[in-house]
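K.L.:
no FASTA, just this:
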């Protein structure tokens with residue numbers, strides 16, 4: 001699920017701003033090579049080419065370290081907790097809270113007019129990402145997010161002095177039936193016990 005989200009949002013920024021996250025190039029982890037190949041297989045032209053970089057993660061320290069090396073605009077996807085609710089059919093509805101941010105790195109001498117321009121530009125780019133997500137949902141390309149969740153989305157300011165960044169964040173809940181496969185695991189484990 002986490003890797004699927006990573007690859008989905010990797011469609012939006014410039015391709016060179018995505019692969020720079022793979023700083024090691026190789027890894028002993030079995031899925032590393034496949035993920036790098038999946039990134040290589042993305043179309044050369046991104047969906048929102050005005051977004052320069054990609055940041056994906058949960059740890060503030062990792063995010064800060066990545067942002068310290070960037071200039072320009074970036075797409076930052078923060079994936080969070082999962083809520084599971086039984087649906088009465090011995091399965092679950094799983095909801096994951098997502099924060100999708102488009103922001104710009106600013107330097108220490110940026111004035112208020114430059115900040116306003118960066119904010120306006122970031123909001124326009126985030127609107128394009130949101131529109132692509134709506135189109136994908138309507139066309140059945142997002143099995144982890146339905147159109148109703150996109151209609152309930154919230155856009156909030158993203159201003160971080162510590163990260164030297166300003167922009168906007170799309171907050172949404174991605175809800176799908178048992179997107180983690182928990183029910184299928186439970187059935188297979190029960191069958192093993194018989």
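P.N.:
Looks like it came in fine. Predicted model, so just to flag it, every value in this text is computed and none were measured. Numbers count the residues shown, from 1 in each chain.

K.L.:
Just want the most central residue of the chain.
P.N.:
residue 77 (3.3 Å; CA atoms, centre = their mean).

K.L.:
who touches it in this structure?
P.N.:
With contact set as CB atoms under 8 Å, 6 or more residues apart in numbering, residue 77 has these partners: 5, 6, 9, 55, 56, 98, 99, 100, 101. Yep, even glycine has a C-beta here, placed from its N, CA and C like the rest.

K.L.:
redo that, cut-off 7 Å
P.N.:
Shown in contact with residue 77 (CB atoms under 7 Å, 6 or more residues apart in numbering): 5, 9, 56, 98, 100.

K.L.:
List the buried residues for the top helix by length along the chain?
P.N.:
Using DSSP state H, we find that the single longest helix of the chain is helix 112-138. Of all the residues in helix 112-138, those buried under the rule 16 or more other CB atoms under 10 Å are 118-119, 121-122, 125-126, 129-130, 132-134, 136-137.

K.L.:
Most widely separated two among those residues?
P.N.:
In the buried residues of helix 112-138, two members sit farther apart than any others by CB to CB. They are 118 and 137, at 28.6 Å.

K.L.:
from the buried residues of helix 112-138, which is closest to residue 81?
P.N.:
Of all the buried residues of helix 112-138, residue 133 has the smallest distance to residue 81: 20.3 Å, by CB to CB.

K.L.:
Apart from its neighbours in sequence, what residue is nearest that closest one?
P.N.:
The spatially closest residue to residue 133, leaving aside those adjacent along the chain, is residue 150, at 5.9 Å (CB to CB, 6 or more residues apart in numbering).
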